[in-house]
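Undergrad: Predicted model and sequence follow; I will ask about them next.
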Amino acid sequence: MLKDITIGQYFPGTSIIHKLDPRVKIVVVAMFIASLFFVTSFWPYVLIVAFIGTIISVAKLPLKFIIKGLKPLMFIILITFAINLFLTKGEVLLELGPLTITKEGLRQSVFMALRLVFLITGTSLLTLTTSPIALTDGIERLLSPFKKIGLPAHELAMMMTIALRFIPTLLEETDKIMKAQMARGADFESGNILNRAKNLVPLLVPLFINAFRRADELATAMEARCYRGGDGRTRLNELKFRSRDYVVLASMVVFFGLIISTRYLVS
Amino acid sequence: MNEDIMIKIENVSFEYSSFIDESIQLAVKDLSLDVIRGEFLVVLGHNGSGKSTLAKMINGLIMPSKGEIFVNGLNTRDEDKIWDIRSTAGMVFQNPDNQIVATIVEEDVAFGPENLGIPQRELRKRVDDALETVEMTEYKNHAPHLLSGGQKQRVAIAGILAMEPDCIIFDEPTAMLDPVGRLEVMDTIKKLNKEKGKTIILITHFMDEAVEADRVMVLNEGEAVMLGTPKEIFRQVERLKELGLDVPQVTELVFELNNEGYTFRDDVLSVEELVNLL
């Protein structure tokens, strides 16, 4: 049951998007997010949709994957929609008791909801097309210039790698402990929220103790394998910029400029 | 120092204070041993006999309270040489899950040599060779948590092998595996010793794994109580039972038969040997 959870939701593939340098993809997504906040009217969304659509079709991502990614955040999108719909002042269109819907509110709520949808879709495109290991690698390399001011880039990436490595192991263990406790009469599914939380204690205590024991053993094993931080380490798979990476980066700069210019073209 | 000696253990003791009454306990007592280059040494002993403590001392993970350990002539107390020592005497632990670092098999195998700063081209070759040796090449792009216990332990062995150590210490590598996994790992260990010429120190409490060793050392409460070839050790059935250890099934059978009045040789270790004898 717990094994079905996949963190990062990586969708393996061999498309050019999958093969891009993770650093390029991170930068592109950051620029994409920034560009969303430069959009002030509806029509530049055509460009945004075209951008997302191109990536989805090139990476051959199934649409239902994208929609699935939106579902858990539907609640936030709806709340944003409602707040904007009812709380924006302006020309009144409809009155429902204490609530009023204005023309500006309608426009604003649709606009904001769309922005959220694009934000989520855009970022999920990164995790869908980049394996977790490539992602951590990319983050480490992007952050490495900040090492000079004391940012532990390598350590952060190592922690992320270890976390990713142990998620399935700990999930499996949770499953095992749950079954063991259920066999002894533990009940994880009934009662009110307070009772349920209380019932989780016999699950969490062994889980935490085991996690600490694992951490201790892993640290010993890492030391036995000569781990001494990031200095002087080489990498099996070095990241290398290829021509396609430069092309994508250049196109993104153009796209970014285009979105910014729409702001001034209109006003 | 003698060229043929891989690891020299001189009068080593390890003290720790007990959690219960803070009295000083000895995990290892005045132990001396020379491990010869290329040999397959098995250390036997039940829980709490000091086996794992000994292994961790050889790897420089903990320091002896008294005495010295030399790995390839390097003292484990020498902090400047600790990485040389750890890459000369690699160590494989009991739980395969808790020694795999990366999310992809080949990345994990590369972890050790990456730490040593091996250049990329050489690194690639070492990783491929190590995976080839443990017969896990076809799984090199797999996620470790999807492998079986025996496969995971072989990946862990490959991770050590990629550091190109002369000696590998195995701390109960089969204790958490099913019989199939145990067989896979034992075959790999034997192969490393016979084909790759690696010095092997195998710590275990499975008697059957000791049969093919060059020498067997039996530890009891931190002391080396027996040392010799498997035949010399296992013929002393009563002595081993006193120490709370078993003997290989075949040896026990011969022992019982001899008690009933038969007169077989008392150093039979394998089924084939017994079949020939009968």
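TA: Yep, that arrived. Quantities reported herein were computed from a predicted structural model and do not represent experimental measurements.
Undergrad: ok, now which ones touch whatever residue of the stretch 151-278 of chain B ends up closest to chain A?
TA: At 6.6 Å from chain A, B:G159 is the closest residue in the stretch 151-278 of chain B, using Cβ to the nearest Cβ. For every residue, glycine as well, the C-beta is placed using N, CA and C. Contact analysis of B:G159 by Cβ atoms under 8 Å, 6 or more residues apart in numbering or on different chains lists A:225, B:99-100, B:108-109, B:111-112, B:130.
Undergrad: Specify the local secondary structure of B:E15.
TA: When classified by DSSP: H, G, I helix; E, B strand; the rest coil, B:E15 comes out as strand.
Undergrad: any idea how far A:L119 is from it?
TA: 60 Å (Cβ to Cβ, to the nearest Å).
Undergrad: hang on, the earlier thing: helix or strand: which one has the residue of the stretch 151-278 of chain B closest to chain A?
TA: Counting by DSSP states H and E, the element that carries B:G159 is helix B:149-161.
Undergrad: Can you report how many residues lie near A:T174?
TA: 17 (other Cβ atoms under 10 Å in any protein chain shown).
Undergrad: Quick check: buried residues in the helix or strand harbouring it?
TA: Counting by DSSP H and E, the element that carries A:T174 is helix A:153-183. Of the residues in helix A:153-183, A:153-154, A:157-158, A:160-162, A:164-169, A:171, A:173-174, A:177-178, A:181 count as buried by neighbour count, 16 or more other Cβ atoms under 10 Å in any protein chain shown.
Undergrad: And for the closest residue to chain B within the stretch 1-150 of chain A, the neighbour number?
TA: Among the residues of the stretch 1-150 of chain A, A:I133 lies closest to chain B, at 5.3 Å counting by Cβ to the nearest Cβ. The number of residues packed near A:I133 is 21, by other Cβ under 10 Å.
Undergrad: That one and B:A102 touch, don't they?
TA: Yes. Using Cβ atoms under 8 Å, A:I133 is in contact with B:A102, at 7.2 Å.
Undergrad: any idea what sits nearest B:M163, other than its immediate chain neighbours?
TA: B:G112 (4.2 Å; Cβ to Cβ, 6 or more residues apart in numbering or on different chains).
Undergrad: for A:S190, same thing?
TA: That would be A:R196: by Cβ to Cβ, 6+ apart, it lies 7.8 Å from A:S190.
Undergrad: same check, this time on A:L249
TA: Distances taken as Cβ to Cβ, 6+ apart put A:V24 closest to A:L249, at 5.6 Å, once the chain neighbours are dropped.
Undergrad: and that neighbour, what does it touch?
TA: A:241, A:245, A:248-249.
Undergrad: any chance you could map the strands in the chain?
TA: In the absence of a named chain, chain A is used. Taking DSSP state E as the criterion, chain A carries its strands at A:92-96, A:99-102.
Undergrad: that answer is for a different chain, and I need it for chain B
TA: Under DSSP E, chain B gives strands at B:5-17, B:24-36, B:40-44, B:66-71, B:74-75, B:89-92, B:167-171, B:199-204, B:215-220, B:223-228.
Undergrad: Next, count neighbours for the nearest residue to B:E209 once chain neighbours are set aside.
TA: Counting by Cβ to Cβ, 6+ apart, the nearest residue to B:E209 once its immediate chain neighbours are dropped is B:M186, at 6.0 Å. Residues lying near B:M186 (other Cβ under 10 Å) number 21.
Undergrad: What parts of chain B come near chain A?
TA: Counting by Cβ under 8 Å from any Cβ of the partner chain, the positions of chain B adjacent to chain A are B:56, B:59, B:61, B:83, B:86-87, B:90-91, B:93, B:95, B:97-104, B:106-107, B:110-120, B:123-124, B:127, B:143-145, B:159-160, B:163.
Undergrad: Let me know how buried residue 223 is, in neighbour terms.
TA: Looking at chain A here, since you left the chain open. Number of residues near A:E223 (other Cβ under 10 Å) recorded here: 17.
Undergrad: meant chain B, my bad for not saying
TA: B:E223: 15 surrounding residues under other Cβ under 10 Å.
Undergrad: Could you pull up the residues touching B:E221?
TA: B:29, B:48-50.
Undergrad: can you pull out the helices in the chain?
TA: Because you didn't say which chain, this covers chain A. For chain A, the helices defined by DSSP state H cover A:16-19, A:22-36, A:45-58, A:63-70, A:74-87, A:103-129, A:132-143, A:153-183, A:193-199, A:201-224, A:243-266.
Undergrad: Let me rephrase: I mean chain B.
TA: Along chain B, the segments classed as helices by DSSP H run B:51-58, B:82-88, B:105-116, B:120-133, B:149-161, B:179-194, B:230-234, B:237-242, B:249-259, B:271-277.
Undergrad: Which residues does the last one contact?
TA: Which is helix B:271-277. Contacts of helix B:271-277 (Cβ under 8 Å, 6+ apart): B:250, B:253-254, B:264-265, B:268.
Undergrad: quick one: low-confidence parts of the chain?
TA: Here I'm looking at chain A. Low-confidence segments of chain A, defined by pLDDT under 70: A:1-9, A:266-267.
Undergrad: my bad, the chain I had in mind was chain B
TA: Low-confidence segments of chain B (pLDDT under 70): B:1-3.
Undergrad: Around A:Y264, count how many other residues there are.
TA: A:Y264: 9 surrounding residues under other Cβ under 10 Å.
Undergrad: same question but for A:V92, I mixed them up
TA: Residues near A:V92, counting by other Cβ under 10 Å, number 11.
Undergrad: who's in contact with it?
TA: The neighbours of A:V92, taking Cβ under 8 Å, 6+ apart as the test, are A:100-103.
Undergrad: now those residues as CSV including neighbour count?
TA: Shown next, in CSV, are the contacts of A:V92 (neighbours: other Cβ atoms under 10 Å in any protein chain shown):
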residue, neighbour count
A:T100, 17
A:I101, 17
A:T102, 19
A:K103, 13
